[in-house]
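Participant: pasting the sequence and the predicted model now:
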Amino acid sequence: MSSPSSTRRPDRLLILSVFIVASCGLAYELVAGALASYLLGDSVLQFSSIIGCYLFAMGVGSHLSKYVKDEDLLARFIDIELLVGLIGGASATVLFVIFAWMAGPFRSVLYALVFALGVLVGMEIPLVMRLLNERKTGFSEIVSRVLTFDYLGALFVSLLFPIVLAPHLGLARTAFLFGIANAGVALLAIRVFRSEIRQRRALTLRASIVLVLLVGGFAASERITQWSERGVFGDEIVHAETTPYQRLVVTKWKDDLRLYINGNLQFSSRDEHRYHEALVHPVLAALPGVKRVLVLGGGDGLAIREILKYPSVEEVTLVDLDPAMTRLFSSAAPLTALNRNAFKDHRVHIINADAGQWLETAGTAFDAIIIDLPDPNSYGLGKLYSEPFYRLVREHLAENGLMVVQSTSPYFAPHAYWCVVTTLEAAGFKTYPYHAYVPSFGEWGFVIADRTGRYQPPTHYALPMRWLDGTATRDMFRFPADMQRIEVEPNRLNSQALVRYFEEDWHRVIR
């Protein structure tokens, strides 16, 4: 006759497995959503569709669980744990490889993996409840304990994933880590329930093979990811890092350094001077005696490099969300050479914070504000191009000050570009749209704005430039027939029209 303690031990293992199952299931969902948003953009669409697919698949799995025979419950539960661990653990690495070398089927494979994982995870909880029921545990207690640990596991991972796992392990190793946890549950179940399991040796062998594969994948995942990214970017990867906010990749080919954020090119060292001269100097050269400058975004320090050329500048405040970005461009020798150690200048103050939240608490006015944020390809970025945000910026601009916004391409994304212009005007600014040719990007757009309507583009520059001069500046403020203004609605928080325009414009380009 078994003692109460020996009876409780298997039950406790089953409840613990619910916690791990819930943790692993949500982790795979978060990995898939983060990876899709990194590679495809539009994080709201990616997470929404992935969550919907996953939850639907869990419903399918719950339905299918009723076809598992009672005498096979333990063995099937262990097999499902192994399958979830193997598929979920390898999912991020498989998706990286597919995106790099055959991007066409990426979406199909992504949703196939999410659906398969959802079906398997959906089967796990009903099977655990049936196993507990076989042990004469009361139904109300079963439901209470299972759902409690299910929700606790989800909470645990939802906090751990963005704070610890994604930034320190990366997506591929995080997936393998949870795959190892699934395989560990399977091996522990085999040990605890060894007297109740038929074909125990075969199950142990399968579990051991899966565990070895997952541990090997964990050890090799970084090399596999870098090899995959080399296929995406083409050049040697000299730095790759996943932060809580984005994926940073720096590549090198001969003398060309390139920065990619979430797979999107941010600059090429061969022609970034065109972009940053066009961004900074038409503003600062028109402000004699400029002293206080605010930069929102621009964590690479390249805009600050140009700002510091003005001897009258006494203070530059940089607000960039990601400390990993500013740390990288403050410490990596090739990158600090590119920005000429801009972050080491005593006039520069770095603040790692959300630009909108920081502006709400800052009480300072600036002579010039340079907004050098990534393109509005998500709702998180779109809010920083919205009418309320620009009204907030306006409160921090001196009466005779100037601001400038990088505004995507007026040629490739005309609706998005003119939406930025329209939004600035809706926020009370007078606007001065212009564009410059940057070989890595093509025609690129900017918008200068002020309170007074008195801005005049500079006709010459006292500072030496690599590209910009009076003639180039005059031409920048002229738009040819195929880049004329388009009537669009302003970007407001409740509609985020800019994100829609941006996606539609660039979709037409790459279609």
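Facilitator: It's in.

Participant: what residues are up against E241?
Facilitator: Residues near E241 by C-beta atoms under 8 Å, 6 or more residues apart in numbering: R247, L248, V249, A324, L328. For every residue, glycine as well, the C-beta is placed using N, CA and C.

Participant: what lines up beside the host helix or strand of it in the sheet?
Facilitator: E241 is part of strand 236-242 when elements are defined by DSSP states H and E. Using DSSP bridges, the neighbouring strands of strand 236-242 in the sheet come out as strand 247-253 (antiparallel).

Participant: CA-only coordinates of the strand it pairs with, as CSV, when you get a sec.
Facilitator: Below are the C-alpha coordinates for strand 247-253, written out as CSV (Å, rounded to 0.1, in the frame of the first residue of the first chain):
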residue,chain,number,x,y,z
ARG,A,247,18.3,43.6,-33.0
LEU,A,248,21.6,45.5,-33.8
VAL,A,249,23.9,44.2,-36.5
VAL,A,250,27.1,45.9,-37.8
THR,A,251,28.6,44.6,-41.0
LYS,A,252,31.9,45.3,-42.8
TRP,A,253,33.0,45.0,-46.4
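
Participant: so what touches the helix or strand following it?
Facilitator: Scanning forward in sequence from strand 247-253 by DSSP H and E, the next helix or strand is strand 256-261. Taking contacts as C-beta under 8 Å, 6+ apart, the residues outside strand 256-261 that touch it are 233, 235, 238, 246-252, 265-270, 300, 334-335, 338, 374.

Participant: show the average pLDDT along strand 256-261.
Facilitator: The predicted model gives strand 256-261 an average pLDDT of 92.

Participant: this structure - how does it break down into domains?
Facilitator: 4-227, 271-510 (automatic domain parsing).

Participant: mind putting these into a markdown table with mean neighbour count?
Facilitator: As requested, the domains of the chain are exported to a markdown table (neighbours: other C-beta atoms under 10 Å):
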| stretch | mean neighbour count |
| --- | --- |
| domain 4-227 | 19 |
| domain 271-510 | 19 |
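
Participant: which of those domains comes out lowest on mean pLDDT?
Facilitator: Between the domains of the chain, the model is least confident about domain 4-227 (mean pLDDT), which shows a mean of 82.

Participant: starting at the chain centroid, how far to stretch 119-126?
Facilitator: Taking C-alpha atoms, centre = their mean, to the nearest Å, the mean C-alpha location of stretch 119-126 is offset from the chain mean by 29 Å.

Participant: now swap in stretch 77-97 and tell me
Facilitator: Centre to centre, stretch against its chain (C-alpha atoms, centre = their mean), the figure for stretch 77-97 is 23 Å.

Participant: can you check stretch 217-226 too?
Facilitator: Its chain's C-alpha centre and that of stretch 217-226 lie 20 Å apart, by C-alpha atoms, centre = their mean.

Participant: can you list contacts of that stretch?
Facilitator: Here stretch 217-226 makes contact (C-beta under 8 Å, 6+ apart) with 89-90, 92-93, 96-97, 170, 172-173, 176-177, 179-180, 237, 240.

Participant: which of these fall within helices?
Facilitator: With DSSP state H as the criterion, helices contain 89-90, 92-93, 96-97, 170, 172-173, 176-177, 179-180 from among the contacts of stretch 217-226.

Participant: for the residues you listed, which one is nearest C24?
Facilitator: Here the nearest of the ones in helices among the contacts of stretch 217-226 to C24, counting by C-beta to C-beta, is G179; it sits at 7.6 Å.

Participant: where along the stretch 301-450 of the chain do the strands fall?
Facilitator: Taking DSSP state E, counting those that start in this stretch to define them, one finds strands in the stretch 301-450 of the chain at 315-319, 348-351, 366-372, 397-406, 430-438, 442-450.

Participant: can you redo those as CSV with distance to S37?
Facilitator: Putting the strands of the stretch 301-450 of the chain into CSV (distance: least, C-beta to C-beta, whole Å) gives the following:
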stretch, distance to S37
strand 315-319, 23
strand 348-351, 25
strand 366-372, 22
strand 397-406, 21
strand 430-438, 26
strand 442-450, 24
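
Participant: OK, contacts around the spatially closest residue to E443 that is not a sequence neighbour?
Facilitator: Nearest in space to E443, with sequence neighbours left out and distances taken as C-beta to C-beta, 6 or more residues apart in numbering, is Y411 at 4.0 Å. For Y411, the residues meeting the contact criterion (C-beta under 8 Å, 6+ apart) are H435, G442, E443, D482, M483.

Participant: which phi and psi does Y411 have?
Facilitator: Its backbone dihedrals place Y411 at phi -90, psi -50, with angles given as degrees, to the nearest 10.

Participant: cool, and T459?
Facilitator: Note on T459: backbone dihedrals following degrees, to the nearest 10 are phi -100, psi -10.

Participant: and the closest residue to it other than its chain neighbours, what does it touch?
Facilitator: Computed as C-beta to C-beta, 6+ apart, the closest residue to T459 that is not its neighbour in sequence is G470, at 4.6 Å. Shown in contact with G470 (C-beta under 8 Å, 6+ apart): P458, T459, H460, Y461.

Participant: most widely separated two among the residues you listed?
Facilitator: Across the contacts of G470, the two members that end up farthest from each other (C-beta to C-beta) are T459 and Y461, 9.0 Å apart.

Participant: state the phi and psi torsions of E487.
Facilitator: phi -80, psi 120.

Participant: same deal with the one 5 residues further on?
Facilitator: With angles defined as degrees, to the nearest 10, R492 shows backbone torsions of phi -110, psi 150.

Participant: try D345
Facilitator: With angles defined as degrees, to the nearest 10, D345 shows backbone torsions of phi -70, psi 140.

Participant: can you tell me how far D271 sits from G61?
Facilitator: According to C-beta to C-beta, to the nearest Å, D271 stands 52 Å off from G61.

Participant: swap that for E272, please
Facilitator: For E272, the distance to G61 (C-beta to C-beta) stands at 50 Å.

Participant: repeat for R270
Facilitator: Distance, R270 to G61, using C-beta to C-beta: 52 Å.

Participant: middle-most residue in the chain, spatially?
Facilitator: Against the mean C-alpha coordinate of the chain, by C-alpha atoms, centre = their mean, the closest residue is Q246 at 3.8 Å.

Participant: contacting residues for it?
Facilitator: Y38, I261, N262, D322, M325.

Participant: quick one, what contacts A332?
Facilitator: So, once contact is read as C-beta under 8 Å, 6+ apart, A332 ends up touching H239, V250.

Participant: next, give phi and psi for it.
Facilitator: Taking degrees, to the nearest 10 as the convention, A332 sits at phi -70, psi 120.

Participant: re earlier: make a markdown table out of the domains of the chain and add distance to L257.
Facilitator: Listed next are the domains of the chain as a markdown table, based on distance: least, C-beta to C-beta, whole Å:
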| stretch | distance to L257 |
| --- | --- |
| domain 4-227 | 17 |
| domain 271-510 | 6 |
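
Participant: got phi/psi on the closest residue to L381 other than its chain neighbours?
Facilitator: Leaving aside its sequence neighbours, L381 sits nearest to P374 (C-beta to C-beta, 6+ apart; 5.9 Å). Dihedral angles of P374 (phi, psi; degrees, to the nearest 10) stand at phi -60, psi 160.

Participant: from memory P374 sits against G297, does it?
Facilitator: Yes - with contact defined as C-beta atoms under 8 Å, P374 reaches G297; the gap is 7.0 Å.

Participant: which one among the ones in helices among the contacts of stretch 217-226 gets closest to R474?
Facilitator: Proximity to R474 was ranked across these by C-beta to C-beta; first place goes to F96, at 46.6 Å.

Participant: now do the same contact list for the residue lying closest to that closest one once chain neighbours are set aside.
Facilitator: Distance criterion C-beta to C-beta, 6+ apart; nearest residue to F96, sequence neighbours excluded, is S228 at 4.2 Å. Each residue near S228 by C-beta under 8 Å, 6+ apart is listed here: T93, F96, V97, F99, A100, W101.
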